[in-house]
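Peer 1: output the structure for:
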Amino acid sequence: LDAEAVLARRAAFRPSPGPHANLGVRGEAVWLHVPVDVDATGNGRWVFEVDHPLLDRIDLHVVTGGKVVRSVALGDHLAFDLRPLATRSHAVGLTLQPGVAHELLLRVKTKGTSIVPLRLVKAEIFHAQEARVQLGQGRGLAEILAGRKEVTEGFHSVEAAAALARQLHLDMPVTQALDA
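Peer 2: All right, here's what the predicted structure looks like:
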């Protein structure tokens, strides 16, 4: 199905019977529908976020006046530098005309569990919160580096710390759950 075909069937959408944001393990794609009424007094700048980094592919379609006005690809299949926003989660800035009803259609396809926590937040609030998260991650990396011999014995250059950070990232074990 494409977004236009899904729009024609919007009356068929039902609330998910499972726990909040957990759609379970699925072999097929799932479509989600989110109606959005934007306050007439706002500036229209929003960030839409799917706060689960392990989703393979998310196709977001913004619908206004019954027509798809914007489509954006998100998901961990995209190289980080190709993402709409350089954040840990899947996020995109949206301009939604104030005082107008909009709809968001999402097509989510992933190999693992479809956990899809959605959030639409004012852009300035999102960026402030994301800065705090990234600061916390930086502090965590600093604590890891502080415990390493290379750092505590005087190798304090930025280049040495960056090289060590890359080494730590590459040396961390990666595990993956497989469907048999």
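Peer 1: bridging residues for the nearest residue to residue 13 once chain neighbours are set aside?
Peer 2: Using CB to CB, 6 or more residues apart in numbering and skipping residues adjacent in sequence, the residue nearest residue 13 is residue 33, 4.6 Å away. Quick note: C-beta positions are derived from backbone N, CA and C, even for glycine. For residue 33, the beta-bridge partners under DSSP bridges are residue 105.
Peer 1: start the count at 27, not 1, going forward
Peer 2: Sure thing, new numbering starts at 27, so read that last one as residue 59.
Peer 1: which residues sit in contact with residue 59?
Peer 2: By CB atoms under 8 Å, 6 or more residues apart in numbering, the contact list for residue 59 reads 32, 36, 39, 129-131.
Peer 1: any idea what residue 90 is bridged to?
Peer 2: So, taking DSSP bridges as the rule, residue 90 has residue 93, residue 128 as bridge partners.
Peer 1: residue 96 versus that one, what's the distance?
Peer 2: 9 Å (CB to CB, to the nearest Å).
Peer 1: can you say which of the contacts of residue 59 are buried?
Peer 2: The neighbour-count criterion (16 or more other CB atoms under 10 Å) marks 32, 129-131 among the contacts of residue 59 as buried.
Peer 1: dump these to a markdown table, plus pLDDT and distance to residue 158.
Peer 2: Rendered in a markdown table, the data for the buried ones among the contacts of residue 59 read as follows (pLDDT from 0 to 100; distance: CB to CB, whole Å):
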| residue | pLDDT | distance to residue 158 |
| --- | --- | --- |
| 32 | 89 | 36 |
| 129 | 91 | 31 |
| 130 | 91 | 25 |
| 131 | 92 | 30 |
